[in-house]
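[1] What follows is a protein structure lacking sequence information:
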């Protein structure tokens, strides 16, 4: 690994603080899950903070970031209010996605955090679409698309690499290699375990970074984004990292040993970066402690905020399924009256006032060639 | 809510083939809005598998008319991403069977993104594709899948059956901020019809058209079956003295149920004709709605005429009996008059 120069003092400190915020946020999210404040699946990024912060800090504000179902950290690193992220986990109206998306579907258009996606590999084509739009509209914006090692086996991976290279799209694809596709180890799910080479056959060159080292991740991603932006071509970056927690909260972790986890924990990205900055005189031990307490306080506030936020109103159930506009006439649900009279109560009442009932209940399903074919089948003929 | 059967005459009309009408819609919308762009397999140099995009590459260039690799799921997914970030992509899939490869992007993303991200972003994407049997293309190129897309909240679904509607609905689809599944029909591509001479000829989604007025039975025909239903209605009139009202919903999402219900309340009988499979089909859906909303207006159970419940066979004779023709529609209508 190349020796990189340290960033400016304030920048180095902010990276540490943001990694700490993500760590504390994820820990508390796990606690809230255990208390049943958070439903569904909860995928924590504990251990992957350097990959998240190092790569996102190499982006410009106008660049697009698109992530996976492990996306709380990606929202936070882009500057999304932790309150909104926690409220989304709680399924509340003040959540970033108004409680519609949950843990796997965070989104913040203003910060150009273009979403967490629940389908493994499903976000790659969309990222290429962002690249296409940037290219088409003639902007300087680049896209950073993160996904896991497991996603590199999806058809969308090869299809998207090919299209991005063919159309010279300004997209950096970052495969976050945390060693496992859910519970299946890398060497058990991918014939090629050096993931950075998996794009080469499609015309996408690979790079590698130490995903446990925020500085290395930053510099490699910065170079990759420069290539994407200036040379107008995609790059695949493999960030080698490890998640310290299970795939989701519902993971007994029978597929790996405690020893392996302990080995990786020695390379804890927050510990490493904090120690280095302290050794360089950029933070003091007291400040590291203070940063951590600040992160805890921010997360406390987020939990309090989420707890106080309202549940989405039941009448909002049908909001935002369609865009209602002047161009489109008519109504959008199968029956917009469904909330009130879907079961036909009103009509039944009216009918009772006016007439008797219809008792003829014979079936009238008619196939393409109803009479002939039915007759043939009944006669045991081979059609 | 229903429109009149004939196109407006005020601006004049021309006779165009269905595919030419679609081509005009694409061209006009591309001229109107520079962020409208096309992607699809062989839509450019090859001019499109069914020639709908003929001449557009030459006119608009490779930036706006893009031949893609054969990667349906990724093409649609790119359309989703581009639509989220400022473009209005129109993606062509060569046949509706190939859309199954893109079902993930269509359902999980195109349809859901606006909702699951709390309304922060919309997906103004059109995915065009032809369907339908009759060309002996066998079980992977001949089906009718409008029911699959009808099932999905978040999508608009158009099934135009005439050149005028093909043009007007496609233009409306491109201008709409919702993802639209635009289902064309291979048999109809060569059919001619009058099309208004108006650059702003739009057909609103959710507006059915009454193709033929009648007082005895309501026939709802989907996609190509709208014309099959009209031919059947003529037979019913000439041979049985039954005057059928034929309704073409034109869009299935939104569905102009009011026009169907108003007709049923007049005729007291309803038969739905579709080319797709019977179980969980469009007809099943409309039949359920009609009996829920107009049970006491019905003098007979709602009838359905559907494609046969089999994969589409290749052999010409088998293929022809696997999708509805006029005689089956006539039989189904007559069945609603029996035993009363």
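    It's in. Treat the numbers as computed from the prediction; the structure is a model and nothing was measured. Numbering: from 1, shown residues only, chains lettered A, B, ... in the order given.
[2] Which stretches in the stretch 101-250 of chain B count as strands?
    With DSSP state E, counting those that start in this stretch, the ranges of strands along the stretch 101-250 of chain B come out as B:126-131, B:156-158, B:180-185, B:192-196, B:209-212, B:217-221, B:244-248.
[3] Low-confidence ranges, chain B, go.
    Within chain B, the segments meeting pLDDT under 70 span B:1-11, B:339-340.
[4] care to break it down by domain?
    B:13-196, B:209-335 (automatic domain parsing).
[5] could you dump those to TSV with mean neighbour count and distance to residue A:81?
    Placement of C-beta: from N, CA and C, glycine included. Shown next, in TSV, are these (neighbours: other CB atoms under 10 Å in any protein chain shown; distance: least, CB to CB, whole Å):
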stretch	mean neighbour count	distance to residue A:81
domain B:13-196	22	14
domain B:209-335	21	36
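[6] out of the ones you listed, nearest to chain A?
    domain B:13-196 (2.0 Å; CB to the nearest CB).
[7] if we can go back for a sec, could you export the domains of chain B as a markdown table, including distance to residue A:49?
    Listed next are the domains of chain B as a markdown table, based on distance: least, CB to CB, whole Å:
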| stretch | distance to residue A:49 |
| --- | --- |
| domain B:13-196 | 24 |
| domain B:209-335 | 43 |
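[8] Let's have these in a markdown table, adding distance to chain A.
    Shown next, in a markdown table, are the domains of chain B (distance: least, CB to the nearest CB, whole Å):
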| stretch | distance to chain A |
| --- | --- |
| domain B:13-196 | 2 |
| domain B:209-335 | 4 |
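[9] Of all those domains, which one is nearest residue A:36?
    domain B:13-196 (22.2 Å; CB to CB).
[10] mind checking the end-to-end distance for that closest one?
    Domain B:13-196 has an end-to-end distance of 4 Å (CA to CA, to the nearest Å).
[11] roughly how far is that domain from the heart of the chain?
    Relative to the centre of its chain, domain B:13-196 is centred 11 Å away, using CA atoms, centre = their mean, to the nearest Å.
[12] can you pull the contacts of residue 244?
    No chain was given, so I picked chain A. A:46-47, A:261, A:264-265, A:268 (CB atoms under 8 Å, 6 or more residues apart in numbering or on different chains).
[13] let's do chain B instead
    So residue B:244 contacts B:212, B:214, B:216-219, B:229, B:232-233, B:236-237, B:267, B:333 (CB under 8 Å, 6+ apart).
[14] that older thread, wait, which of the strands of the stretch 101-250 of chain B is closest to residue B:273?
    strand B:217-221 (4.7 Å).
[15] Now name the helix or strand holding residue A:104.
    According to DSSP states H and E, residue A:104 maps onto no helix or strand at all.
[16] State the distance from it to residue A:220.
    27 Å (CB to CB, to the nearest Å).
[17] just residue B:243 next, same as before
    75 Å.
[18] Residues of the stretch 151-300 of chain A that sit close to chain B?
    A:155-156, A:159-160, A:162-163, A:166-167 (CB under 8 Å from any CB of the partner chain).
[19] Narrow those residues to those that are buried.
    When these are checked for burial by 16 or more other CB atoms under 10 Å in any protein chain shown, the buried set is A:156, A:159-160, A:162-163, A:167.
[20] Touching stretch A:225-233 from outside, list them.
    Counting by CB under 8 Å, 6+ apart, A:58-59, A:63, A:135, A:140, A:142-144, A:165, A:168-172, A:204, A:234-235 sit against stretch A:225-233.
[21] how does it look with 10 Å?
    Applying CB atoms under 10 Å, 6 or more residues apart in numbering or on different chains, the external contacts of stretch A:225-233 come out as A:55, A:58-60, A:63, A:131, A:134-135, A:139-144, A:164-165, A:167-173, A:203-205, A:207, A:234-235, A:237.
[22] Can I have the buried ones of the residues you listed as a PyMOL selection?
    Buried residues within the contacts of stretch A:225-233, by 16+ other CB under 10 Å, are selected in PyMOL with:
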select buried, chain A and resi 55+58+59+63+131+134+135+141+142+143+144+164+165+167+169+170+171+172+173+204+205+207+234+235+237
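[23] Can you list which of the contacts of stretch A:225-233 are found in strands?
    A:143-144, A:171-173, A:207, A:235, A:237 (DSSP state E).
[24] Mind picking the two most distant members of those residues?
    It's A:143 and A:207 that sit farthest apart of these, by CB to CB, at 16.1 Å.
[25] And residue A:104 and residue A:220? Which one has more around it.
    With neighbours defined as other CB atoms under 10 Å in any protein chain shown, residue A:104 and residue A:220 compare such that residue A:220 has more, 28 against 22.
[26] That one belongs to a helix, doesn't it?
    Yes: under DSSP: H, G, I helix; E, B strand; the rest coil, residue A:220 falls within a helix.
[27] And the residues of the stretch 151-300 of chain A next to chain B, which is closest to chain B?
    residue A:159 (3.7 Å).
[28] right, and that closest one touches residue A:204 too?
    No: counting by CB atoms under 10 Å, residue A:204 is not a contact partner of residue A:159; they are 12.0 Å apart.
[29] Helix, strand, or coil at residue A:295?
    helix.
[30] Now that it has come up, it's in contact with residue A:19, right?
    Yes: with contact defined as CB under 10 Å, residue A:295 and residue A:19 form a contacting pair (9.0 Å).
[31] list residues touching both of the two?
    With CB under 10 Å, 6+ apart, residue A:295 and residue A:19 have common neighbours residue A:270.
[32] Who has more neighbours out of those two?
    residue A:19 (27 against 24).
[33] Show the contacting residues for the more buried one.
    A:48-50, A:52-54, A:73, A:76-77, A:214, A:268-270, A:273-274, A:291, A:295.
[34] ok, now with 7 Å
    Listed by CB atoms under 7 Å, 6 or more residues apart in numbering or on different chains, the contact set of residue A:19 reads A:49-50, A:53, A:214, A:269-270, A:273.
[35] got the buried residues for the helix or strand harbouring it?
    Residue A:19 is part of helix A:9-34, with elements assigned from DSSP H and E. For helix A:9-34, a neighbour-count test (16+ other CB under 10 Å) marks A:12-13, A:15-30, A:32-33 as buried.
[36] outside of the helix or strand harbouring residue A:276, which residues touch it?
    Using DSSP H and E, residue A:276 falls within helix A:269-279. Contacts to helix A:269-279, defined as CB under 7 Å, 6+ apart, come from residues A:12, A:15-16, A:19-20, A:23, A:49-50, A:212-214, A:283-285, A:288.
[37] Between which two of these is the distance greatest?
    A:212 and A:284 (23.5 Å).
[38] what about the stretch 251-383 of chain A, any weak spots by pLDDT?
    Residues of the stretch 251-383 of chain A that meet the cut-off, pLDDT under 70, sit at A:324-383.
[39] can you rerun that using 50?
    A:326-348, A:350-351, A:355-383 (pLDDT under 50).
[40] residue boundaries of the helices in it?
    All helices of the stretch 251-383 of chain A, identified by DSSP state H, counting those that start in this stretch, fall at A:258-265, A:269-279, A:285-308, A:338-341, A:345-354, A:370-378.
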